[in-house]
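Asker: I would like the atomic coordinates for the input below:
(one chain, ligands or ions: 1)
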Amino acid sequence: MINTAIIGGGYAGMAAAVALAEKGIPVTVFESARHLGGRARGVAHQNTQLDNGQHLLLGCYHQTLRMIEQVGGNLEQDFLRQPLQLDLHGHFALRAPRLPAPLHLLVALLRAQGLTWAERLSAASFMLTLRRMNFKLPSPTSGESVTRGTKPVGGEGCDMTATELLARHGQSPALVQKLWEPLCIAALNTPVAIASAQVLLNVLRDALNQERADSDMLIPRIDFTALFPQRAAHYIEQRGGTVLTSCGAASLRPVEQGIEITTDQGCPESGQRIAMTYSHVICAIPPTTAAKLLRPIPALADVVAQIDALQHQPIYTVYLQYPSQVRLPHPMLGLHQRISQWLFDKGQIAGQYGLIACVISAEGLHQDWSQNELALKVIAELHAEFGINDTPLWHKVIAEKRATFACTPDLRRPDQQTPLPSLLLAGDYTKGDYPATLEGAIQSGLRCAELLSSSF
Ligand SMILES: Cc1cc2nc3c(=O)[nH]c(=O)nc-3n(C[C@H](O)[C@H](O)[C@H](O)COP(=O)(O)OP(=O)(O)OC[C@H]3O[C@@H](n4cnc5c(N)ncnc54)[C@H](O)[C@@H]3O)c2cc1C
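Answerer: I've put the predicted structure just below:
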């Protein structure tokens, strides 16, 4: 008998569950938290709907956008959609005109404010070179050389850091600071000095090189639990599936008929620990918890070793509720050489007037400060940059210390298929082209669903 369990109700797990439910395959989702969404979830604070972190989607997140629509979302209503624009307040501004890709980007680079002519040309010619390379680092055996240098670079098994790639292509320090570093941190949540050049190229390939709409920036107007997982739960239940919250998996045991899951104490259905056997299990929980759950299974020792080897990077979001008249010059803008990296005016985005979200991605000095000190620094930066003299009515700092895996060169990420045919792995950290993103998570879930349904 086919009965499938999905452990983890984040974007990866819910995508897998939706895809299986669509095919009429019975699914049960086990989520340990009270609410679905995992690292992209709604959080209520002071009667205000927040997220555990401000997120941004790109137009090239095709699977994510498709899944949101499949479960009943309306992209026009759910998102503020803007053409690609990067604005580092007073230091750099790039805006893509309404031209076909990749012309839109080339014209945007050639018109960018805050760069010298030489830098604009250098950035545009770098993009053209990447296009000629098909956004792939050549393998050392291909004999190709990507720049003026003679040394061939990159390729399968010979990735490099983004810093190295940018230096080889003559990108000046100002270009790196104003354009490539903010892009790399936003996309990979990993500083350029240690970020994988190839994964950065994968994102640039999909976002900048195909359709103009792929580079659009989509900022959600509703919280991340409501955006997809909650709707997905409804979709699954309508097709006979079950979604259990506050009901985590405490242990897994391979048995003859598949995998036995023992639940946490106190799952709502039973009120106690229970063991159930499923013919197939998709484990879609974050890497550190996945390693804990899988460690006791000897056949998975190599998988666990791969997960253990992953490093992690934080993301901090500082929410500041100012009086409702406070607003920023744009719904989203960045700051140059400040602690605050990206600012989102939730008034302009979602009608939450006076609420500003400040995102600080990847490791940095801010990790040494108390949450109060960090909020005060951000408040001081907003005052210095925009002359905001008001005092916030409240602030809330959400520190996700293991927000994503550190996306470093030549990373070995565990495959969705494991040595146990009845157990699959989903999650943003599993094998894929993308860094830890919603799209990476959703793609991994869909891959698991595809592998499972093709095995029946
Ligand atoms: C602050 C922040 C900002 C981000 N910004 C962006 C962005 O702008 N754009 C973007 O694309 N991505 C962004 N990301 C990354 C994105 O949120 C993640 O890549 C994605 O949500 C990961 O989804 P997942 O399903 O793989 O894992 P998770 O979201 O971690 O889901 C795993 C689920 O498993 C549950 N679980 C854990 N243990 C158990 C257990 N034993 N039993 C049952 N359930 C269990 C967890 O509660 C969780 O709900 C951001 C992440 C953070 C933290």
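
Asker: where in the stretch 151-300 of the chain is pLDDT low?
Answerer: 151-157, 266, 269-271 (pLDDT under 70).

Asker: Quick one: distance of the longest strand along the chain to the chain centre.
Answerer: The longest strand of the chain (DSSP state E) is strand 394-405. Distance of strand 394-405 from the chain centroid (CA atoms, centre = their mean, to the nearest Å) equals 14 Å.

Asker: and if you look at stretch 26-42?
Answerer: Distance, centroid of stretch 26-42 to centroid of chain: 17 Å (CA atoms, centre = their mean).

Asker: So for that stretch, what gets flagged as buried?
Answerer: In terms of neighbour count (16 or more other CB atoms under 10 Å), stretch 26-42 has its buried residues at 26-32, 35-42. Any C-beta I mention is one placed from the backbone N, CA and C, and that applies to glycine too.

Asker: Can you narrow those residues down to the ones near the ligand?
Answerer: 30, 31, 32, 38, 39, 40 (CB under 6 Å from any ligand atom).

Asker: Reformat those residues as TSV; add pLDDT, secondary structure and distance to residue 3.
Answerer: Output for these, formatted as TSV (pLDDT from 0 to 100; DSSP: H, G, I helix; E, B strand; the rest coil; distance: CB to CB, whole Å):
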residue	pLDDT	secondary structure	distance to residue 3
30	96	strand	13
31	97	coil	18
32	96	coil	20
38	98	coil	23
39	98	coil	28
40	98	coil	28
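
Asker: Spatially, which two of those are the most separated?
Answerer: The span of these, defined through CB to CB, is set by 30 and 40 at 18.3 Å.

Asker: coming back round to it: just the ones next to the ligand among the buried residues of stretch 26-42 now: which is nearest the ligand?
Answerer: Among these, residue 38 lies closest to the ligand (CB to the nearest ligand atom), at 2.3 Å.

Asker: residues touching residue 174, list them.
Answerer: For residue 174, the contact set (CB atoms under 8 Å, 6 or more residues apart in numbering) comprises 115, 116, 119.

Asker: Assess the claim that the last one and residue 176 are in contact.
Answerer: This points to residue 119. No. Contact between residue 119 and residue 176 fails when scored by CB atoms under 8 Å: they sit 10.1 Å apart.

Asker: dump the residue contacts of residue 391.
Answerer: Applying CB under 8 Å, 6+ apart, the residues contacting residue 391 are residue 379.

Asker: where's it relative to the ligand, distance?
Answerer: Computed as CB to the nearest ligand atom, to the nearest Å, the residue 391 to the ligand distance reads 25 Å.

Asker: Name the helix or strand for that residue, please.
Answerer: Assigned by DSSP states H and E, residue 391 belongs to no helix or strand.

Asker: can you pull the pLDDT of it?
Answerer: As predicted, residue 391 sits at a pLDDT of 95.

Asker: now do residue 346
Answerer: For residue 346, the predicted pLDDT is 98.

Asker: And for residue 144?
Answerer: Looking at residue 144, its pLDDT is 47.

Asker: Where does residue 21 fall, secondary structure wise?
Answerer: Residue 21 is part of helix 11-22 when elements are defined by DSSP H and E.

Asker: Would you tell me whether that helix gets close to the ligand?
Answerer: Yes. Residues of helix 11-22 contacting the ligand under CB under 6 Å from any ligand atom: 11, 12, 13.

Asker: Distance check, residue 94 against residue 285.
Answerer: 38 Å (CB to CB, to the nearest Å).

Asker: same deal with residue 76?
Answerer: 33 Å.

Asker: Between the two, point out the one with more neighbours.
Answerer: Using other CB atoms under 10 Å as the criterion, residue 76 and residue 285 rank with residue 285 on top: 27 against 7.

Asker: now the helices: where do they sit in the stretch 301-450 of the chain?
Answerer: 301-308, 346-350, 371-386, 438-455 (DSSP state H, counting those that start in this stretch).

Asker: out of those, nearest to the ligand?
Answerer: Closest to the ligand of these is helix 438-455 (CB to the nearest ligand atom; 3.5 Å).
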